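**Q** Sharing a model that was predicted from the sequence below.
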Amino acid sequence: MSEKELFLWVEKYRPKTVEDCILPEKQKVMFQQFIEKGQIPTMLLSGKSGVGKTTIARAICEQLNCDYIIINGSEENGIDVLRTKIKSFASSFSYEGKPRVVIIDEADYLNPNSIQPALRAFIEEFNQNCRFIFTCNYKNRIIEPLHSRSTVIDFNLTKADKPVMAGKFLKRLKVILSQENVTFDEKVLVEIIKRFFPDYRRILNEVQRYSVNGHIDSGILGSNEDYFIQTLMDILKRKNWTEMRQWVAENQDVDYSTLFRRIFDNAHCAKKNDIPKLVLTLADYQYKSAFVADQEINMVACLTDIMSMVDFE
């Protein structure tokens, strides 16, 4: 295990089997059937960040003893990666006769005019030797020919699924904290889960950060998340563009889809006649976030519009 995997809980405690993954039962049964048949179809796994798309892809490959590589589409998205790393792997055969799988993480960052069409050809060319698993946050950014050549699986939770999955993750958290010798207040864990659910990766990262002193108690609640959103709302109220731009730059690790929701939750702070403008602006830029190349610019544009159109109490 690498030094990174030993330090980061998201890697150290990443599930290694389908059974250990926290998924709705119908999805888990479907993935288990792939294991039982010993076959992996080319798949497109779609859903929010941190819900376990890459984890399940890796777990399937591990259980079937596949040779596999992982390509990060947001970083390794040049044509050279396609021509060398991916093609070289997909076109070769395992000496041990193992199935080969290319996992392309964050595939929605791949160029839809060059890289994605080339991958369509690869799926067909190397069909006898290699399978592809694509993960993405926004499946509408994946070209239709890849959709039609893949088994598309949405990692969306129903209203009934959410409390069940949250409960299972709470149980997992308690086991992890016990193994790490961290004491905790269960009510605080529940609040952290409620704040970031269903982003399991973010929840575990936050819990690891909060546990640096060996315990997690109510002292952490409200200290970070509430402070940062109230700071932003105060900046918007004062219409200070420079401070807003700095705030966005300093909080680039924030999940923007969550940020849209937090601003919406504070819509009551706007003057009554301006609330519709605020809601429509958020909806517009949330939609645009599925297509833009630079999420930071999109968020700054959204907040600029809000400052220009909305007055706060």
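**A** Received it, and whenever you're ready, just let me know what you need.

**Q** CA only for contacts and neighbour counts going forward, please
**A** Noted.

**Q** biggest helix in this structure by residues?
**A** Scanning the chain for the longest helix, with DSSP state H as the assignment, gives helix 161-179.

**Q** from the chain's centre, how far out does that one sit?
**A** Distance of helix 161-179 from the chain centroid (C-alpha atoms, centre = their mean, to the nearest Å) equals 18 Å.

**Q** ok, the helix or strand just after that helix: who's next to it in the sheet?
**A** Using DSSP states H and E, the helix or strand that directly follows helix 161-179 along the chain is strand 183-184. Strand 183-184 pairs in its sheet with strand 215-216 (parallel), by DSSP bridges.

**Q** quick one, phi psi at the most centrally placed residue in the chain?
**A** Nearest to the mean C-alpha position of the chain, by C-alpha atoms, centre = their mean, lies Ser49 at 1.2 Å. For Ser49, the backbone dihedrals (degrees, to the nearest 10) come out as phi -60, psi 140.

**Q** How about the contacts made by it?
**A** 137, 199, 201 (C-alpha atoms under 8 Å, 6 or more residues apart in numbering).

**Q** How about Gln27?
**A** With the criterion set at C-alpha under 8 Å, 6+ apart, Gln27 makes contact with nothing.

**Q** would it count as being in a helix?
**A** Yes - assignment of Gln27 by DSSP: H, G, I helix; E, B strand; the rest coil places it within a helix.

**Q** tally of neighbours for Ser218?
**A** Ser218 is flanked by 14 other residues according to other C-alpha atoms under 10 Å.

**Q** My error: substitute Val190 in the last question.
**A** 14.

**Q** Equivalent analysis for Cys61, please.
**A** For Cys61, using other C-alpha under 10 Å, the count is 25.

**Q** what's the helix or strand for the spatially closest residue to it that is not a sequence neighbour?
**A** In space, and not counting its chain neighbours, Cys61 is closest to Tyr68: 7.0 Å by C-alpha to C-alpha, 6 or more residues apart in numbering. Assigning secondary structure by DSSP H and E places Tyr68 in strand 67-72.

**Q** just to revisit the earlier point, out of the contacts of Ser49, flag the one nearest to Ile56.
**A** Arg201 (13.3 Å; C-alpha to C-alpha).

**Q** Not counting its neighbours along the chain, what's nearest that closest one?
**A** Spatial nearest neighbour of Arg201, excluding adjacent residues (C-alpha to C-alpha, 6+ apart): Gly50 at 4.7 Å.

**Q** In the stretch 1-150 of the chain, where is pLDDT below threshold?
**A** 1-6 (pLDDT under 70).

**Q** one more time with 80
**A** 1-6, 76-83, 93-97 (pLDDT under 80).

**Q** One more: the stretch 201-313 of the chain?
**A** Looking at the stretch 201-313 of the chain by pLDDT under 80, you get 218-228, 249-255.
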